[in-house]
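*Asks:* the following comprises the amino acid sequence and a computationally predicted model.
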Amino acid sequence: MTYLDGLNERQKEAVLATQGPVSVLAGAGSGKTRVLTTRMYHLICQGIAPESILAVTFTNKAAREMRERLSARLEIGGPLPFVATFHGLGRELLQQYGRPLNVPRFFTIFDRDDSDKAIRDALKALEIDPKELSSRFVLSRISKAKGEGMSSREFVEKHSRENFRSRIVSEVWHRYDEVLKKEKALDFDDLIVLPVKLLEEHEDIRTIVQNRFSHIHIDEYQDTNALQGRLAHLIAGSTKNLFVVGDIDQTIYTWRGATIENLLAFEEKYPGAKTIILEHNYRSTKTIVDASNMIIELNRNRKEKRSITNNAEGERILIHPETTAETEGRFVARECRRFIREGTAPEEIAVLFRTNFQSRTLEEAFLAEGVPYRLLGTRFFERKEVKDVLSWIRLALDPSRENDRARAVQTPPRGIGKVTLGKIIAGRHEDLRPGERAKIAAFEEIIAELSIAAETELPSLFVRRVIQKSGIDMLLLKGGEDDQERLENIKELATLATRYDALPGKEGIAVFLSDAALASDQDELDRKQTTKGVTLMTVHAAKGLEFDTVFVTGMEEGLFPHEGQGDSEKRDEEEERRLFYVAMTRAKKRLLLTFARIRRIYGTDYLSEPSSFLRDIDPSLTEYREVIHEYEEIIEA
């Protein structure tokens, strides 16, 4: 078994533990992805059919990398294990077996933007002031309740009498469900809720799924919520061949329902389970490993685990204060330029921040200093022109979708206004004037033609046909410089669709659409791999990634650790420390921590204290570089 060469003893133990429940506590940089892929390859070598192996990860990027590693080991063209995110698994289960729940074969997936719009519309209909109750808060409350396995009816029974906010959430949820039903759509949470309901209520389908997947692997198990834990348990069945990998110290999503109890209580739920600890860090220097240990060991709610490494000591961690957020940004940009000049590839540098508002001053600094960068912010699939084309595609698959019809009929404009559209939706065709009828007929003819093409055409060719037949390409061709960039974006959409050309007709198009809805920040980074530049991103988005050089900016008390605002944003100290631990352990060779003495928030300058996290690192591991600038003058002003 030469494929075991190069693994340490703990890693080999994990790979060879092929029966029954196994939990692997894997520290940062401990090679867990290698363990997962090697274990799956080992199972195949032992005679387990690849199709019987399931692996669930938390990002499409991680799933893609896992499939690529397995494909490189196996014969070209041979079957692969089913590797997907939890939402990708849920989509597969509902598409294959969802008929008892009346789930349509080709359903739409509402992304967060779609869901937020539906919630905003419901709040507007109820005449609720968005300043009094935001759509973000309502959607977060609904999402968390769904993650706990609660239906809208159960939520009403439990919370509707509590207070004004809960009563409004109950009413909005009811209206939101009506929109989803009308549009034949599911949201992200439904992709977990409904498969659990399906497997719990239908023993025949549960048996089929359990027989289909004999060995289950779950990555990032510490970030699963209660419902995802139930789904894994249902699929594992009586054999309990469940192999979970996680690190309690990297639990950073409790605010959206993740529970570390799934990992903490694994041995209790699965008596006799084997626990293996991977402590060896192959990624970072000894200085970074030691400093991150100091941070995370202050948390109480964890399992004892201390990372070790044979890597070199490396550079000391730089702690660098600046006067303002603007001078902090300029320092970071100039240091990046220096590192690049000295030979570091721009793609090997990451600048991390705790909250999105910090990106503005960083972007301005990078532009001013002429340093190439790529910002993870607006996702490709959330761009207006891309969403326009996706609406046309969904409408071609199912002409009954009213939201997509309303969007497509006005993009590009074809003289069909909201009043005319309202008559069509209401079924009042007799009220249409002759000119309106002609325009509607021409539009319907295009949709009918596209619906026929969708049956047999390759997804990439179909996307090109939609772009051309809809007239969106001609609209953008006639526009200015910004429209030329938008045209390039929709051409990129057709390029992305080539990944699905191996699937027949509507099936390939449907998978393409659902993958678009499930795309994450890291998928956007993957798409931008041809763009050379320093990566600017939130710490949350950096989970699972690694870079030679990492800056963590805004190391100020109240910002990182973040004090939180409002019911849906309150953070606990331990989760903030875990988040800082994640940020530190993204760095392989060099870690720089920066903060501003003065930061302007909502137009007001605030004096900032250095983050308490900085005091938790032994000074022997750090280099503190004090910079005064015009600090005194600014305070006096």
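*Replies:* In hand now; what should we look at? Numbers count the residues shown, from 1 in each chain.

*Asks:* which element is encountered next along the chain beyond the host helix or strand of Ala72?
*Replies:* Assigned by DSSP states H and E, Ala72 belongs to helix 60-73. With elements assigned by DSSP H and E, the helix or strand that comes after helix 60-73 is strand 82-85.

*Asks:* could you find the closest non-adjacent residue to Glu92?
*Replies:* Ala84 (6.7 Å; CB to CB, 6 or more residues apart in numbering). For glycine as for every other residue, the C-beta is placed from the backbone atoms N, C-alpha and C.

*Asks:* is that neighbour in a bridge, and if so with what?
*Replies:* Taking DSSP bridges as the rule, Ala84 bridges to Val56.

*Asks:* so for it, what's the pLDDT?
*Replies:* pLDDT recorded at Ala84 is 93.

*Asks:* how many other residues sit next to it?
*Replies:* 20 (other CB atoms under 10 Å).

*Asks:* can I assume it is in contact with Val56?
*Replies:* Yes - if you go by CB atoms under 8 Å, Ala84 and Val56 touch, sitting 6.5 Å apart.

*Asks:* tally of neighbours for Val22?
*Replies:* Summarising burial for Val22: neighbours were counted as other CB under 10 Å, giving 23.

*Asks:* may I have the phi/psi pair for it?
*Replies:* Main-chain torsions, Val22, degrees, to the nearest 10: phi -140, psi 130.

*Asks:* before we move on, what about Ala26?
*Replies:* Dihedral angles for Ala26 - degrees, to the nearest 10 - are phi -110, psi 110.

*Asks:* I figured Asp249 hits Gly27, correct?
*Replies:* Yes - counting by CB under 8 Å, Asp249 touches Gly27, with 7.2 Å between them.

*Asks:* where do the contact lists of these two overlap?
*Replies:* Lys305 (CB atoms under 8 Å, 6 or more residues apart in numbering).

*Asks:* which residues of the stretch 51-200 of the chain fall in helices?
*Replies:* 60-73, 86-97, 112-125, 135-147, 152-159, 164-182, 190-201 (DSSP state H, counting those that start in this stretch).

*Asks:* sheet partners, orientation included, of the longest strand along the chain?
*Replies:* Longest strand in the chain, counting residues (DSSP state E): strand 587-601. Partners of strand 587-601 in the sheet, by DSSP bridges, are strand 317-324 (parallel), strand 547-552 (parallel), strand 604-607 (antiparallel).

*Asks:* so which elements touch the next helix or strand after the first one?
*Replies:* Moving toward the C-terminus from strand 317-324, the first helix or strand encountered (DSSP H and E) is helix 325-341. Using 3 or more CB pairs under 8 Å, 6 or more residues apart in numbering; DSSP states H and E as the contact definition, the elements that helix 325-341 packs against are strand 317-324, strand 349-353, helix 359-369, strand 547-552, strand 587-601.

*Asks:* how about these, which one is nearest Leu487?
*Replies:* Minimum separation from Leu487 across the helices and strands packed on helix 325-341 (CB to CB) falls at helix 359-369, 24.2 Å.

*Asks:* just the buried residues of the closest one, please?
*Replies:* 359, 361-363, 365-366, 369 (16 or more other CB atoms under 10 Å).

*Asks:* same check, this time on stretch 493-508
*Replies:* So stretch 493-508, judged by 16+ other CB under 10 Å, has buried residues 493-494, 496-497, 500, 506, 508.

*Asks:* got any ranges where the protein has weak pLDDT?
*Replies:* For the chain, applying pLDDT under 70 flags the ranges 75-77, 160-162, 256, 377-379, 424-427, 429, 520-531, 564-571, 602-603, 626-637.

*Asks:* just give me the longest helix of it.
*Replies:* Looking across the chain with DSSP state H, the single longest helix is helix 434-456.

*Asks:* other residues contacting that helix?
*Replies:* 392, 395-397, 399, 408-409, 414-416, 420, 423-424, 429, 432, 462, 465-466, 469-470, 504-506, 509.

*Asks:* ok, 6 Å please
*Replies:* With CB atoms under 6 Å, 6 or more residues apart in numbering as the contact definition, helix 434-456 has outside contacts at 395-397, 399, 409, 414-416, 420, 462, 465, 469, 505-506, 509.

*Asks:* and it, how far out from the chain middle?
*Replies:* 36 Å (CA atoms, centre = their mean, to the nearest Å).

*Asks:* return the residues in contact with Ile44.
*Replies:* For Ile44, counting by CB under 6 Å, 6+ apart, the contacting residues are Pro50.

*Asks:* one step back: name the residues of the longest strand of the chain that are buried.
*Replies:* Buried residues in strand 587-601, counting neighbours by 16+ other CB under 10 Å, are found at 587-599.

*Asks:* with stretch 71-91 instead?
*Replies:* For stretch 71-91, by 16+ other CB under 10 Å, it's 74, 80-91.

*Asks:* distance to Arg486 for the residues you listed - can I get that in JSON lines?
*Replies:* JSON lines is the format used below for the buried residues of stretch 71-91 (distance: CB to CB, whole Å):
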{"residue": "Leu74", "distance to Arg486": "40"}
{"residue": "Leu80", "distance to Arg486": "36"}
{"residue": "Pro81", "distance to Arg486": "39"}
{"residue": "Phe82", "distance to Arg486": "36"}
{"residue": "Val83", "distance to Arg486": "33"}
{"residue": "Ala84", "distance to Arg486": "31"}
{"residue": "Thr85", "distance to Arg486": "29"}
{"residue": "Phe86", "distance to Arg486": "33"}
{"residue": "His87", "distance to Arg486": "28"}
{"residue": "Gly88", "distance to Arg486": "29"}
{"residue": "Leu89", "distance to Arg486": "34"}
{"residue": "Gly90", "distance to Arg486": "32"}
{"residue": "Arg91", "distance to Arg486": "29"}
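
*Asks:* show me what contacts the nearest residue to Phe188 once chain neighbours are set aside?
*Replies:* Setting aside the residues directly before and after it, Phe188 is nearest to His87 in space (CB to CB, 6+ apart), at 5.9 Å. Counting by CB under 6 Å, 6+ apart, His87 makes contact with 188, 191, 518.

*Asks:* just Leu621 next, same as before
*Replies:* 287, 291, 317.

*Asks:* switch to 10 Å and redo it
*Replies:* 286-288, 290-291, 294, 313-314, 316-317, 591 (CB atoms under 10 Å, 6 or more residues apart in numbering).

*Asks:* output those in CSV; the columns should cover distance to Val22 and secondary structure.
*Replies:* Putting the contacts of Leu621 into CSV (distance: CB to CB, whole Å; DSSP: H, G, I helix; E, B strand; the rest coil) gives the following:
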residue, distance to Val22, secondary structure
Lys286, 30, helix
Thr287, 33, helix
Ile288, 29, helix
Asp290, 29, helix
Ala291, 31, helix
Met294, 30, helix
Glu313, 34, coil
Gly314, 33, coil
Arg316, 39, coil
Ile317, 35, strand
Leu591, 33, strand
